[in-house]
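1. got a structure for you, letters missing:
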Ligand code: AVI
């Protein structure tokens, strides 16, 4: 059959399995235990995250999508004909709202750690936008970008797009580092979840259907499968709490017993009630986030907010 779209080019800088093993062992030997949220996104994890985005309690996605819809034309005027670079592109759904409003954009580069999910999403995008050059860049976006190895990123006008408030999963110092890396490319359109009462935030991260819990606990399933571990999923539970002092949700897996888990040759002990942090999700007021952006060398020039003051989209000029 005839190809009706340009094939997607894949640049694969996916970190090796060894990095997963050492990160898991290192994180489980720490106190308190913690593992970086990037490892939540295996195939199943990416699917569960997509399910979270449609939950009634998880207001973030629908609010941001509405903001993008309401302001697409204005945002498009900022885009010009630059290449769009999306950080943590996942299913590449939100960027469609920008592409619809900015048909002059000819190149899309999706950046994500989850290779298969990324490639499928970029292919679907290429099929739906036949004129578009879609490029899949599998990499850890918290690290400096391998720009020297990607001709499509060199000597051209690019605009970053970082929706979903994923910046909130980085600690503030890491967030500044990320922003400094992103500024190497150009301006940035970034979604940021606002501070709000715990009564709204906590259900968003611990929903009635238990999808948020399944998303976190899937990390243990992944460790069992990929690293040959023996986590007993019935002996762990999930918890999400808003810490107002730090302005962050803390997501944890909690051990329901004193127990020892094996990962290959390593033995990891858990006390009864001991926690393993899977994620922080920092929340920022508009002013707080703009300070952070300025610390990274950006100049905040526009911010869009919904009527309920739930979510911000910032336009940052480099
Ligand atoms: C991807 N990131 C912005 C989500 C958040 O809201 O912090 C991750 C998430 N984890 C559980 N629910 C959502």
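-> All right, it came through fine. Please read all numbers here as calculations on a predicted model, not as lab measurements.
2. Counting neighbours, what do you get for residue 131?
-> 11 (other Cβ atoms under 10 Å). In this view, the C-beta of every residue, glycine as well, is placed from N, C-alpha and C.
3. what stretches of the protein score poorly on pLDDT?
-> 1-3 (pLDDT under 70).
4. The ligand contacts on that one?
-> Contacts of the chain with the ligand, taken as Cβ under 6 Å from any ligand atom, map to 52, 60, 164-166, 168-169, 205, 212, 215, 279, 281.
5. tell me which of the residues you listed is nearest to residue 6?
-> Using Cβ to Cβ, residue 164 comes nearest to residue 6 of the residues of the chain next to the ligand, at 26.3 Å.
6. list the contacts for the closest one?
-> 60-61, 64, 88, 90, 94, 191 (Cβ atoms under 8 Å, 6 or more residues apart in numbering).
7. Mind putting those into a markdown table with neighbour count and secondary structure?
-> Below are those laid out as a markdown table (neighbours: other Cβ atoms under 10 Å; DSSP: H, G, I helix; E, B strand; the rest coil):
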| residue | neighbour count | secondary structure |
| --- | --- | --- |
| 60 | 22 | helix |
| 61 | 20 | helix |
| 64 | 25 | helix |
| 88 | 21 | coil |
| 90 | 23 | coil |
| 94 | 20 | coil |
| 191 | 25 | strand |
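8. Looking at those residues, spot the one nearest residue 113.
-> residue 88 (7.9 Å).
9. Distance-wise, check that closest one relative to residue 164.
-> 7 Å (Cβ to Cβ, to the nearest Å).
10. cool, residue 93 as well?
-> The value you get for residue 93 to residue 164, if Cβ to Cβ is used, is 10 Å.
11. Also residue 257?
-> According to Cβ to Cβ, residue 257 stands 35 Å off from residue 164.
12. Right, and the ligand sits closest to which residue of the stretch 201-318 of the chain?
-> residue 281 (3.4 Å; Cβ to the nearest ligand atom).
13. Pull the contacting residues for residue 312.
-> Here residue 312 is in contact with 191-194, 284, 286, 289, 303-305 (Cβ under 8 Å, 6+ apart).
14. For those, name the two members farthest from one another.
-> 284 and 304 (14.8 Å).
15. So the two - more neighbours on which side?
-> Each of residue 284 and residue 304 has its neighbours counted (other Cβ under 10 Å); residue 284 has more, 24 against 18.
16. Spit out the contact partners of that one.
-> 168, 192-195, 247, 292, 312.
17. Counting neighbours, which of these comes out on top?
-> Neighbour counts for these (other Cβ under 10 Å) peak at residue 192, which has 28 neighbours.
18. wait, is it part of a strand?
-> Yes: assignment of residue 192 by DSSP: H, G, I helix; E, B strand; the rest coil places it within a strand.
19. Tell me who's in contact with it.
-> Contacts of residue 192 (Cβ under 8 Å, 6+ apart): 165, 167-168, 284, 289, 311-314.
20. for it, which residues make a bridge with it?
-> residue 312 (DSSP bridges).
21. so what's the residue nearest the centre of the chain up against?
-> By Cα atoms, centre = their mean, the chain has its centre lying nearest to residue 166, at 4.2 Å. Residue 166 sits next to 87-88 when contact means Cβ under 8 Å, 6+ apart.
22. I'd like to know the phi and psi angles of it, please.
-> phi -60, psi -20 (degrees, to the nearest 10).
23. From residue 192, how far off is it?
-> 10 Å.
24. what's the answer for residue 263, then?
-> 36 Å.
25. Please, where are all the helices along the stretch 1-150 of the chain?
-> All helices of the stretch 1-150 of the chain, identified by DSSP state H, counting those that start in this stretch, fall at 17-28, 43-52, 59-79, 95-101, 115-128.
26. Outside of the shortest one itself, list whatever touches it.
-> Residues lying outside helix 95-101 but in contact with it, judged by Cβ under 8 Å, 6+ apart, are 65, 68-69, 72-73, 75-76, 79, 84, 86, 89, 105, 108, 110, 125, 128-129, 132, 161, 163, 189.
27. show me where the chain has strands.
-> 9-12, 33-34, 83-87, 107-112, 133-138, 158-162, 188-193, 236-243, 248-255, 259-263, 266-270, 275-282, 299-305, 311-317 (DSSP state E).
28. wait, which of these is closest to residue 223?
-> With Cβ to Cβ, the closest approach to residue 223 among the strands of the chain belongs to strand 259-263: 6.6 Å.
29. so what's residue 34 closest to, chain neighbours aside?
-> residue 277 (4.0 Å; Cβ to Cβ, 6 or more residues apart in numbering).
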